[in-house]
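Visitor: any chance you can model this:
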Amino acid sequence: MRAYELQKPGRDARWVQVERPDPRPGPGQAVVRIRAVSLNYRDAIISQGRYPGLGSMPLVPTSDGAGEVLAVGPGVTRVKPGDRVAPTFFQTWTDGPRPPGGPAALGGGVDGVLAEQVVVDAEGLVHLPTHLSFEAGATLPCAAVTVWNALVSTGGLQAGQTVLALGTGGVSIFALQFGKALGARVLVTSSQDAKLERARALGADGTVNYRTQPDWDARVLAMTGGQGVDHVVEVGGEKTLPQSIGSTREGGQLYLIGLLSGAPGKPNEALVASRKVRVHPIYVGSRAMFEDMNRLITQHRIEPVIDRVFPFAEAPEALRYLESGAHFGKVVISV
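Guide: Residues are numbered from 1 along each chain as shown. The predicted structure is shown next:
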């Protein structure tokens, strides 16, 4: 079968296409024929060697894929051949709090899904919503579950509250879609007016161009009557964190998710304390969260926003496109 490997991470690292033996399932395992893979910024920083806890090399990259079950090993009853599924980001986080010590994540601590076939823990598979294509289903395991964990499982988002989503990448667009489905008011930032226009077409209630309005936190406060927002989906990192805190209402919640500016940053404790902001680091979520999220996606017929679909042979180009920041929503590779 065809697969990609990250053979040595670093500034000039590339994914290399290789041939690997077809996998066979052991007890409790399933083999999935991957049909589509979606990319996350995590995939770029893993390739660059800037991600902690990497497994041994070579490593099959990426965490997010979807396909159908080809075969199951002894003792497997949750899935059967032909089922349309997506592997979970953390294969062994089924429910409840994240297991102590941190389970290995696909495409980082262990091989990921950028291959024609993968063998995974059958308990770490989730059935796809029936209305979604494989390409759409592949966008869910990391970005969408992260947003669900933040806004719903952790944040308890209520109808009528206000959400601020930074940027228009995969996480932020899911925050917009889930927030609107749950009855929230959603504000979106971007450096490009064309992207903000697309966000408004998806239902954004207010937008801010942070390039033309560098004091964008003041603009967010103005749009909320001086109160600030209830929830901030913070994906920027150290460069955006101060203004994200400044955009949050007293007693509001901020979810530390990404590091697009290059480093995660540390919240200013005095500023956090003065505004009584609750800060939550979020690292994807459990299988139970994934399944809960899929019920909302099914109920509201939510369609993930896909910017471009690259063929398997152009997977390295897809990663470079993601790194450029030109995308709106998700970047997908067809397998």
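
Visitor: buried residues of the strand or helix carrying Gly251, list them for me.
Guide: Element membership for Gly251 (DSSP states H and E) is strand 248-256. Neighbour-count burial for strand 248-256, counted by 16 or more other Cβ atoms under 10 Å, picks out 248-249, 252-256. Quick note: C-beta positions are derived from backbone N, CA and C, even for glycine.

Visitor: tally of neighbours for Asp193?
Guide: 12 (other Cβ atoms under 10 Å).

Visitor: pretty sure it contacts Tyr210?
Guide: No - with contact defined as Cβ atoms under 8 Å, Asp193 does not count as touching Tyr210 (11.4 Å).

Visitor: what stretches of the stretch 201-335 of the chain score poorly on pLDDT?
Guide: Along the stretch 201-335 of the chain, segments meeting pLDDT under 70 span 258-271, 274.

Visitor: and the helices in it, which stretches?
Guide: Using DSSP state H, counting those that start in this stretch, the helices of the stretch 201-335 of the chain run over 216-223, 241-246, 269-275, 287-300, 315-324.

Visitor: hey, where'd the strands end up in the stretch 51-200 of the chain?
Guide: Using DSSP state E, counting those that start in this stretch, the strands of the stretch 51-200 of the chain run over residues 64-72, 84-87, 117-121, 125-127, 162-166, 185-190.

Visitor: with just CA atoms, put the third one into CSV.
Guide: Right, strand 117-121. What follows is strand 117-121, C-alpha atoms only, in CSV (Å, rounded to 0.1, in the frame of the first residue of the first chain):
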residue,chain,number,x,y,z
GLN,A,117,-4.7,1.6,5.0
VAL,A,118,-4.2,1.9,8.8
VAL,A,119,-4.7,-0.5,11.7
VAL,A,120,-6.2,1.2,14.8
ASP,A,121,-7.9,0.3,18.0
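
Visitor: going forward, the N-terminal residue is numbered 20.
Guide: Right, with 20 as the first residue, what we last looked at is strand 136-140.

Visitor: give me the helices and strands touching that strand, please.
Guide: If contacts are counted by 3 or more Cβ pairs under 8 Å, 6 or more residues apart in numbering; DSSP states H and E, strand 136-140 sits against strand 48-57.

Visitor: roughly how far is the strand it packs on from the heart of the chain?
Guide: Distance of strand 48-57 from the chain centroid (Cα atoms, centre = their mean, to the nearest Å) equals 18 Å.
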